[in-house]
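[1] Fold the following and give me the result.
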Amino acid sequence: MDMQSLERVKQQWECAVDSMPQFICLLARDGRVLRANRTVEQWKLGIDIKDAGGNYLHAVLHRGCENSRCYLTHFADRVAAVLASSKHVNCNVWDPVLKRQFLIRAHKPMPPQQERASLNEVFAVVTIDDVTELRAIEKEFIEPTLALKPRAGQQRRRPNDAEQVHSRVIDALNNTPSFFAMADAGAALYYLNPAGRALLGLGSEEDVQGMRLVACYATRASEQLMKSALPTAAREGIWSGESVLLARDGSEIRTTSLIIAHHCGGQLASYSVQERAMTEQLKAEEDAQMKSSAFADSWSEAMPLPVFHKDGAGRYTGCNSAFARFIGRSKDEIVGKTELELSPQDFAMDYRDKDLDLLHDPIGKLAYASSVAHADGTVRNVIFHKARLTDSAGNPAGIVGVITDITGLK
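    Residues are numbered from 1 along each chain as shown. Model (predicted):
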(Lines give C-alpha, C1' and ligand atoms only; values in the text may rest on other atoms or scores of the structure.)
Protein backbone atom coordinates (compact mmCIF):
# COMPACT_ATOMS: atom_id res chain seq x y z
CA MET A 1 0.00 0.00 0.00
CA ASP A 2 1.44 3.42 -1.00
CA MET A 3 1.80 6.37 1.38
CA GLN A 4 -1.22 8.17 -0.08
CA SER A 5 -3.44 5.15 0.52
CA LEU A 6 -2.09 4.73 4.03
CA GLU A 7 -2.81 8.37 4.82
CA ARG A 8 -6.35 8.04 3.47
CA VAL A 9 -6.97 4.94 5.60
CA LYS A 10 -5.54 6.76 8.62
CA GLN A 11 -7.90 9.69 8.08
CA GLN A 12 -10.89 7.35 7.69
CA TRP A 13 -9.88 5.55 10.87
CA GLU A 14 -9.58 8.80 12.85
CA CYS A 15 -12.94 9.97 11.51
CA ALA A 16 -14.58 6.72 12.64
CA VAL A 17 -13.06 6.95 16.13
CA ASP A 18 -14.02 10.62 16.48
CA SER A 19 -17.64 9.79 15.55
CA MET A 20 -17.98 7.29 18.40
CA PRO A 21 -19.99 8.51 21.43
CA GLN A 22 -17.60 7.04 23.99
CA PHE A 23 -14.53 8.84 25.29
CA ILE A 24 -11.58 6.91 23.85
CA CYS A 25 -7.93 7.49 24.60
CA LEU A 26 -4.53 5.81 24.35
CA LEU A 27 -2.50 5.73 27.56
CA ALA A 28 1.29 5.70 27.70
CA ARG A 29 3.15 3.56 30.20
CA ASP A 30 3.63 6.57 32.48
CA GLY A 31 -0.14 7.10 32.59
CA ARG A 32 -0.30 10.10 30.25
CA VAL A 33 -2.84 10.41 27.46
CA LEU A 34 -1.21 10.02 24.05
CA ARG A 35 -4.33 10.65 21.99
CA ALA A 36 -8.04 11.11 22.63
CA ASN A 37 -11.10 11.32 20.42
CA ARG A 38 -13.37 14.36 20.09
CA THR A 39 -15.74 13.20 22.81
CA VAL A 40 -13.41 15.12 25.12
CA GLU A 41 -14.82 18.27 23.49
CA GLN A 42 -18.42 17.03 23.19
CA TRP A 43 -18.53 16.36 26.93
CA LYS A 44 -17.56 20.02 27.47
CA LEU A 45 -14.75 19.25 29.87
CA GLY A 46 -13.06 22.58 29.24
CA ILE A 47 -10.19 21.10 27.26
CA ASP A 48 -9.52 20.91 23.52
CA ILE A 49 -8.61 17.63 21.86
CA LYS A 50 -5.20 19.03 20.92
CA ASP A 51 -4.46 19.77 24.58
CA ALA A 52 -5.45 16.34 25.90
CA GLY A 53 -2.22 14.68 24.77
CA GLY A 54 0.52 14.74 27.40
CA ASN A 55 -1.88 15.17 30.32
CA TYR A 56 -2.78 12.51 32.84
CA LEU A 57 -6.33 11.15 32.48
CA HIS A 58 -7.18 12.71 35.85
CA ALA A 59 -6.25 16.17 34.54
CA VAL A 60 -8.24 15.64 31.31
CA LEU A 61 -11.49 14.55 32.94
CA HIS A 62 -11.20 16.39 36.26
CA ARG A 63 -9.62 19.75 35.49
CA GLY A 64 -8.61 21.48 38.68
CA CYS A 65 -9.36 18.48 40.91
CA GLU A 66 -6.86 18.32 43.79
CA ASN A 67 -8.37 15.35 45.62
CA SER A 68 -5.50 12.90 46.16
CA ARG A 69 -8.03 10.12 46.80
CA CYS A 70 -9.90 10.66 43.52
CA TYR A 71 -10.37 7.35 41.70
CA LEU A 72 -8.60 8.77 38.63
CA THR A 73 -5.46 9.90 40.50
CA HIS A 74 -3.75 6.49 40.30
CA PHE A 75 -5.93 5.11 37.51
CA ALA A 76 -3.03 4.07 35.27
CA ASP A 77 -1.27 2.21 38.11
CA ARG A 78 -4.39 0.19 38.94
CA VAL A 79 -5.03 -0.59 35.27
CA ALA A 80 -1.43 -1.69 34.79
CA ALA A 81 -1.70 -4.04 37.76
CA VAL A 82 -4.79 -5.76 36.32
CA LEU A 83 -3.53 -5.87 32.73
CA ALA A 84 -0.36 -7.58 33.93
CA SER A 85 -2.43 -10.76 34.28
CA SER A 86 -5.47 -10.06 32.08
CA LYS A 87 -6.22 -8.74 28.60
CA HIS A 88 -8.84 -6.26 29.76
CA VAL A 89 -10.53 -4.71 32.79
CA ASN A 90 -14.07 -3.34 33.17
CA CYS A 91 -15.57 -1.30 35.99
CA ASN A 92 -18.68 0.74 36.78
CA VAL A 93 -18.10 3.94 38.71
CA TRP A 94 -20.03 7.02 39.78
CA ASP A 95 -17.97 10.11 38.94
CA PRO A 96 -18.55 12.64 41.77
CA VAL A 97 -16.97 15.49 39.81
CA LEU A 98 -18.84 15.09 36.50
CA LYS A 99 -21.95 13.69 38.24
CA ARG A 100 -22.15 10.81 35.76
CA GLN A 101 -22.22 7.03 35.88
CA PHE A 102 -19.38 5.62 33.80
CA LEU A 103 -18.64 2.18 32.40
CA ILE A 104 -14.86 2.16 31.98
CA ARG A 105 -13.01 -0.44 29.92
CA ALA A 106 -9.26 -0.78 29.47
CA HIS A 107 -7.70 -3.19 26.99
CA LYS A 108 -4.21 -4.17 26.06
CA PRO A 109 -3.39 -2.85 22.57
CA MET A 110 -2.71 -5.24 19.75
CA PRO A 111 1.07 -5.89 19.67
CA PRO A 112 2.90 -3.88 17.00
CA GLN A 113 4.65 -5.66 14.16
CA GLN A 114 7.95 -4.27 15.38
CA GLU A 115 8.77 -3.64 19.03
CA ARG A 116 9.60 -0.04 19.84
CA ALA A 117 11.59 1.06 22.87
CA SER A 118 9.83 4.40 23.31
CA LEU A 119 8.88 5.22 26.89
CA ASN A 120 5.60 6.62 25.55
CA GLU A 121 4.61 3.30 23.96
CA VAL A 122 0.88 2.67 24.24
CA PHE A 123 0.12 0.22 27.02
CA ALA A 124 -3.69 0.57 27.25
CA VAL A 125 -6.69 1.59 25.16
CA VAL A 126 -9.31 3.12 27.44
CA THR A 127 -12.99 3.64 26.57
CA ILE A 128 -15.46 5.40 28.87
CA ASP A 129 -19.22 5.09 28.28
CA ASP A 130 -21.63 7.53 29.90
CA VAL A 131 -24.41 5.22 31.17
CA THR A 132 -26.03 7.74 33.52
CA GLU A 133 -29.40 7.74 31.80
CA LEU A 134 -29.57 3.95 31.53
CA ARG A 135 -28.72 3.50 35.22
CA ALA A 136 -31.33 6.10 36.19
CA ILE A 137 -34.02 4.23 34.26
CA GLU A 138 -33.03 0.94 35.85
CA LYS A 139 -33.02 2.47 39.33
CA GLU A 140 -36.43 4.05 38.81
CA PHE A 141 -37.89 0.70 37.82
CA ILE A 142 -35.97 -1.68 40.10
CA GLU A 143 -36.25 0.05 43.47
CA PRO A 144 -40.08 0.08 43.62
CA THR A 145 -40.25 -3.58 42.57
CA LEU A 146 -37.79 -4.61 45.27
CA ALA A 147 -40.17 -3.15 47.82
CA LEU A 148 -42.64 -5.88 46.88
CA LYS A 149 -40.34 -8.78 47.86
CA PRO A 150 -41.97 -10.47 50.87
CA ARG A 151 -39.76 -10.88 53.91
CA ALA A 152 -40.95 -13.62 56.22
CA GLY A 153 -41.31 -12.54 59.83
CA GLN A 154 -40.74 -8.85 59.12
CA GLN A 155 -44.15 -7.64 58.01
CA ARG A 156 -45.40 -6.91 61.55
CA ARG A 157 -42.17 -5.19 62.59
CA ARG A 158 -42.08 -2.69 59.72
CA PRO A 159 -42.32 0.96 60.73
CA ASN A 160 -45.47 2.81 59.68
CA ASP A 161 -43.68 4.89 57.06
CA ALA A 162 -42.26 1.76 55.39
CA GLU A 163 -45.73 0.22 55.36
CA GLN A 164 -47.09 3.33 53.71
CA VAL A 165 -44.42 3.22 51.00
CA HIS A 166 -45.10 -0.47 50.44
CA SER A 167 -48.84 0.21 50.21
CA ARG A 168 -48.33 3.01 47.68
CA VAL A 169 -46.13 0.81 45.50
CA ILE A 170 -48.76 -1.94 45.60
CA ASP A 171 -51.48 0.56 44.70
CA ALA A 172 -49.42 1.87 41.78
CA LEU A 173 -48.76 -1.59 40.39
CA ASN A 174 -52.33 -2.70 40.97
CA ASN A 175 -53.46 0.23 38.80
CA THR A 176 -50.83 -0.28 36.11
CA PRO A 177 -52.65 -1.13 32.86
CA SER A 178 -50.01 -3.62 31.74
CA PHE A 179 -49.10 -7.12 32.95
CA PHE A 180 -46.70 -6.97 35.92
CA ALA A 181 -45.44 -9.99 37.83
CA MET A 182 -42.74 -10.94 40.30
CA ALA A 183 -41.19 -14.37 40.66
CA ASP A 184 -38.52 -15.88 42.87
CA ALA A 185 -35.15 -17.15 41.65
CA GLY A 186 -36.79 -20.44 40.64
CA ALA A 187 -39.36 -18.55 38.46
CA ALA A 188 -42.28 -19.25 40.84
CA LEU A 189 -44.79 -16.37 40.98
CA TYR A 190 -45.57 -14.55 44.20
CA TYR A 191 -47.26 -11.44 42.75
CA LEU A 192 -49.41 -10.74 39.69
CA ASN A 193 -51.23 -7.45 39.29
CA PRO A 194 -54.94 -7.16 38.27
CA ALA A 195 -54.09 -6.24 34.65
CA GLY A 196 -52.01 -9.39 34.38
CA ARG A 197 -54.80 -11.50 35.87
CA ALA A 198 -57.33 -10.02 33.44
CA LEU A 199 -55.03 -10.63 30.48
CA LEU A 200 -54.59 -14.29 31.44
CA GLY A 201 -58.23 -14.80 32.46
CA LEU A 202 -57.48 -15.43 36.14
CA GLY A 203 -59.88 -14.47 38.91
CA SER A 204 -59.11 -11.44 41.06
CA GLU A 205 -58.95 -13.59 44.21
CA GLU A 206 -57.27 -16.59 42.62
CA ASP A 207 -54.07 -17.54 44.43
CA VAL A 208 -50.97 -17.34 42.19
CA GLN A 209 -48.47 -18.27 44.92
CA GLY A 210 -46.22 -20.99 43.52
CA MET A 211 -47.66 -20.77 40.01
CA ARG A 212 -44.82 -21.13 37.50
CA LEU A 213 -44.00 -18.03 35.47
CA VAL A 214 -43.55 -20.21 32.39
CA ALA A 215 -47.25 -21.19 32.63
CA CYS A 216 -48.18 -17.63 31.61
CA TYR A 217 -46.67 -18.06 28.14
CA ALA A 218 -47.46 -19.85 24.90
CA THR A 219 -45.28 -22.86 24.08
CA ARG A 220 -42.76 -21.15 21.80
CA ALA A 221 -42.53 -18.14 24.12
CA SER A 222 -42.09 -20.35 27.20
CA GLU A 223 -39.08 -22.01 25.56
CA GLN A 224 -37.61 -18.58 24.85
CA LEU A 225 -38.29 -17.56 28.45
CA MET A 226 -36.47 -20.51 29.99
CA LYS A 227 -33.63 -20.90 27.49
CA SER A 228 -32.84 -17.27 26.70
CA ALA A 229 -34.79 -14.53 28.49
CA LEU A 230 -34.36 -15.56 32.14
CA PRO A 231 -30.73 -16.74 31.77
CA THR A 232 -29.82 -13.49 29.98
CA ALA A 233 -31.56 -11.37 32.64
CA ALA A 234 -29.81 -13.34 35.40
CA ARG A 235 -26.45 -12.84 33.71
CA GLU A 236 -26.79 -9.29 32.38
CA GLY A 237 -29.39 -7.86 34.76
CA ILE A 238 -32.03 -7.17 32.13
CA TRP A 239 -33.67 -8.69 29.04
CA SER A 240 -36.15 -7.19 26.61
CA GLY A 241 -37.82 -8.49 23.49
CA GLU A 242 -41.12 -9.78 22.17
CA SER A 243 -43.14 -12.59 23.69
CA VAL A 244 -46.55 -14.30 23.63
CA LEU A 245 -48.76 -14.73 26.70
CA LEU A 246 -51.26 -17.61 26.88
CA ALA A 247 -54.70 -16.88 28.32
CA ARG A 248 -56.75 -19.51 30.13
CA ASP A 249 -59.16 -19.77 27.17
CA GLY A 250 -56.26 -20.69 24.87
CA SER A 251 -55.96 -17.32 23.16
CA GLU A 252 -52.49 -15.86 22.61
CA ILE A 253 -51.51 -12.24 23.32
CA ARG A 254 -48.44 -10.84 21.60
CA THR A 255 -46.45 -8.58 23.90
CA THR A 256 -43.28 -6.57 24.31
CA SER A 257 -41.45 -7.96 27.31
CA LEU A 258 -39.09 -6.52 29.93
CA ILE A 259 -37.46 -8.78 32.53
CA ILE A 260 -35.20 -7.49 35.30
CA ALA A 261 -33.22 -9.79 37.59
CA HIS A 262 -32.58 -8.72 41.18
CA HIS A 263 -29.50 -9.94 43.04
CA CYS A 264 -28.77 -9.92 46.76
CA GLY A 265 -25.31 -10.61 48.10
CA GLY A 266 -24.17 -11.70 44.67
CA GLN A 267 -26.95 -14.31 44.39
CA LEU A 268 -30.01 -14.23 42.15
CA ALA A 269 -33.01 -13.31 44.34
CA SER A 270 -35.99 -12.63 42.08
CA TYR A 271 -37.34 -11.46 38.73
CA SER A 272 -39.64 -8.57 37.80
CA VAL A 273 -41.61 -9.06 34.57
CA GLN A 274 -43.56 -6.48 32.60
CA GLU A 275 -45.55 -7.37 29.48
CA ARG A 276 -47.24 -4.83 27.25
CA ALA A 277 -49.84 -6.08 24.78
CA MET A 278 -48.99 -5.09 21.23
CA THR A 279 -51.61 -2.82 19.66
CA GLU A 280 -52.96 -3.27 16.15
CA GLN A 281 -50.77 -0.39 15.07
CA LEU A 282 -47.67 -2.17 16.33
CA LYS A 283 -48.71 -5.35 14.56
CA ALA A 284 -49.20 -3.44 11.31
CA GLU A 285 -45.81 -1.80 11.71
CA GLU A 286 -44.20 -5.16 12.37
CA ASP A 287 -45.79 -6.57 9.20
CA ALA A 288 -44.45 -3.57 7.27
CA GLN A 289 -41.01 -4.13 8.77
CA MET A 290 -41.10 -7.79 7.73
CA LYS A 291 -41.90 -6.75 4.16
CA SER A 292 -39.14 -4.17 4.31
CA SER A 293 -36.74 -6.82 5.62
CA ALA A 294 -37.63 -9.13 2.74
CA PHE A 295 -36.91 -6.32 0.28
CA ALA A 296 -33.63 -5.54 2.05
CA ASP A 297 -32.61 -9.20 1.78
CA SER A 298 -33.10 -9.14 -1.98
CA TRP A 299 -30.74 -6.23 -2.66
CA SER A 300 -28.28 -6.96 0.12
CA GLU A 301 -27.53 -10.35 -1.40
CA ALA A 302 -25.90 -8.55 -4.30
CA MET A 303 -23.45 -6.80 -1.97
CA PRO A 304 -20.02 -8.40 -1.30
CA LEU A 305 -19.81 -6.82 2.17
CA PRO A 306 -21.55 -8.41 5.19
CA VAL A 307 -24.93 -6.71 5.72
CA PHE A 308 -27.41 -7.28 8.57
CA HIS A 309 -30.48 -5.74 10.14
CA LYS A 310 -32.05 -6.01 13.61
CA ASP A 311 -35.27 -5.01 15.32
CA GLY A 312 -35.51 -2.55 18.19
CA ALA A 313 -34.91 -5.30 20.74
CA GLY A 314 -31.56 -6.19 19.18
CA ARG A 315 -32.69 -9.41 17.47
CA TYR A 316 -31.50 -10.14 13.96
CA THR A 317 -34.31 -9.88 11.43
CA GLY A 318 -32.14 -10.71 8.42
CA CYS A 319 -28.72 -10.68 6.81
CA ASN A 320 -27.05 -11.41 3.50
CA SER A 321 -25.04 -14.51 2.64
CA ALA A 322 -21.77 -12.58 3.02
CA PHE A 323 -22.60 -11.88 6.68
CA ALA A 324 -23.56 -15.50 7.35
CA ARG A 325 -20.29 -16.71 5.82
CA PHE A 326 -18.28 -14.08 7.73
CA ILE A 327 -19.42 -15.27 11.17
CA GLY A 328 -19.76 -18.94 10.19
CA ARG A 329 -23.50 -19.35 10.80
CA SER A 330 -26.47 -20.17 8.63
CA LYS A 331 -29.20 -17.57 8.22
CA ASP A 332 -31.59 -19.80 10.15
CA GLU A 333 -29.14 -19.79 13.06
CA ILE A 334 -28.86 -15.99 12.96
CA VAL A 335 -32.42 -14.68 12.48
CA GLY A 336 -34.24 -14.23 15.79
CA LYS A 337 -31.06 -14.32 17.86
CA THR A 338 -29.31 -11.52 19.76
CA GLU A 339 -25.59 -10.75 19.88
CA LEU A 340 -25.39 -12.43 23.29
CA GLU A 341 -26.51 -15.68 21.65
CA LEU A 342 -24.14 -15.48 18.68
CA SER A 343 -20.93 -13.69 19.68
CA PRO A 344 -18.30 -13.98 22.44
CA GLN A 345 -19.55 -12.15 25.53
CA ASP A 346 -17.00 -9.30 25.45
CA PHE A 347 -17.76 -8.59 21.81
CA ALA A 348 -21.53 -9.00 22.30
CA MET A 349 -21.64 -6.50 25.17
CA ASP A 350 -19.80 -3.94 23.06
CA TYR A 351 -22.13 -4.49 20.08
CA ARG A 352 -25.19 -4.17 22.33
CA ASP A 353 -23.95 -0.95 23.93
CA LYS A 354 -23.26 0.61 20.52
CA ASP A 355 -26.70 -0.41 19.23
CA LEU A 356 -28.39 1.17 22.25
CA ASP A 357 -26.42 4.37 21.67
CA LEU A 358 -27.48 4.41 18.02
CA LEU A 359 -31.18 3.87 18.76
CA HIS A 360 -31.19 7.06 20.84
CA ASP A 361 -28.63 9.06 18.88
CA PRO A 362 -30.12 12.26 17.39
CA ILE A 363 -28.27 11.76 14.08
CA GLY A 364 -29.14 8.10 13.70
CA LYS A 365 -25.86 7.04 12.11
CA LEU A 366 -22.74 5.52 13.63
CA ALA A 367 -19.35 4.36 12.36
CA TYR A 368 -16.80 2.80 14.68
CA ALA A 369 -13.90 0.38 14.83
CA SER A 370 -14.36 -2.97 16.50
CA SER A 371 -13.51 -6.67 16.31
CA VAL A 372 -15.48 -9.68 15.05
CA ALA A 373 -14.92 -13.39 15.61
CA HIS A 374 -14.52 -14.75 12.07
CA ALA A 375 -15.70 -18.12 10.82
CA ASP A 376 -12.11 -19.30 10.46
CA GLY A 377 -11.47 -18.83 14.20
CA THR A 378 -9.48 -15.61 13.89
CA VAL A 379 -10.46 -12.18 15.24
CA ARG A 380 -10.89 -9.64 12.46
CA ASN A 381 -10.46 -5.88 12.77
CA VAL A 382 -13.50 -4.22 11.24
CA ILE A 383 -15.36 -0.95 10.89
CA PHE A 384 -19.10 -1.02 11.50
CA HIS A 385 -21.31 1.43 9.61
CA LYS A 386 -24.79 1.43 11.13
CA ALA A 387 -27.97 3.44 10.64
CA ARG A 388 -31.14 3.58 12.71
CA LEU A 389 -34.44 2.40 11.18
CA THR A 390 -37.66 4.16 12.23
CA ASP A 391 -41.36 3.32 12.10
CA SER A 392 -44.10 5.42 10.51
CA ALA A 393 -44.23 7.66 13.59
CA GLY A 394 -40.49 8.30 13.50
CA ASN A 395 -39.75 6.11 16.52
CA PRO A 396 -36.64 3.86 16.59
CA ALA A 397 -37.57 0.47 15.12
CA GLY A 398 -34.27 -1.22 14.39
CA ILE A 399 -30.79 -1.05 12.93
CA VAL A 400 -29.17 -1.84 9.58
CA GLY A 401 -25.42 -2.33 9.43
CA VAL A 402 -22.51 -3.06 7.10
CA ILE A 403 -19.15 -4.56 8.08
CA THR A 404 -15.87 -3.58 6.42
CA ASP A 405 -12.97 -5.94 7.17
CA ILE A 406 -9.81 -3.82 7.56
CA THR A 407 -7.59 -6.55 8.98
CA GLY A 408 -5.36 -6.50 5.93
CA LEU A 409 -4.92 -2.73 6.18
CA LYS A 410 -3.46 -2.71 9.70
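
[2] only C-alpha atoms for contact and neighbour calcs from this point on.
    OK.

[3] check contacts around the closest residue to Thr338 other than its chain neighbours.
    Of all residues not flanking Thr338 in the chain, Arg315 sits nearest, at 4.6 Å (CA to CA, 6 or more residues apart in numbering). Residues near Arg315 by CA atoms under 8 Å, 6 or more residues apart in numbering: Gly241, Val335, Gly336, Lys337, Thr338, Glu339.

[4] quick one: low-confidence parts of the stretch 251-400 of the chain?
    Counting by pLDDT under 70, the stretch 251-400 of the chain has low-confidence residues at 279-300, 302, 392-393.

[5] Quick one: the strands in it, in order.
    252-264, 267-277, 307-311, 316-319, 365-373, 379-390, 396-405 (DSSP state E, counting those that start in this stretch).

[6] Please tell me how far the longest one is from the chain's geometric centre.
    Centroid separation between strand 252-264 and its chain, computed with CA atoms, centre = their mean, to the nearest Å, is 16 Å.

[7] The third one too?
    Centroid separation between strand 307-311 and its chain, computed with CA atoms, centre = their mean, is 16 Å.

[8] Output the strands of the stretch 251-400 of the chain as a markdown table; include the columns mean neighbour count.
    A markdown table is the format used below for these (neighbours: other CA atoms under 10 Å):
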| stretch | mean neighbour count |
| --- | --- |
| strand 252-264 | 19 |
| strand 267-277 | 19 |
| strand 307-311 | 25 |
| strand 316-319 | 24 |
| strand 365-373 | 19 |
| strand 379-390 | 20 |
| strand 396-405 | 20 |
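
[9] Could you check how far the residue nearest to Thr338 is from Ser371?
    When distance is defined by CA to CA, to the nearest Å, Arg315 is 19 Å away from Ser371.

[10] And for Ala234?
    Here the criterion is CA to CA. By it, Ala234 lies 26 Å from Ser371.

[11] and Arg63, how many residues sit next to it?
    13 (other CA atoms under 10 Å).

[12] what does Ala181 give?
    Other residues near Ala181 come to 23 when the count uses other CA under 10 Å.

[13] Beta-bridge partners for it, please?
    Beta bridges link Ala181 to Leu192, Val273, judged by DSSP bridges.

[14] Equivalent analysis for Ile253, please.
    Going by DSSP bridges, Ile253 forms beta bridges with Leu245.

[15] Check whether it really touches Glu242, as I assumed.
    No. Ile253 is not in contact with Glu242 according to CA atoms under 8 Å; the separation is 10.7 Å.
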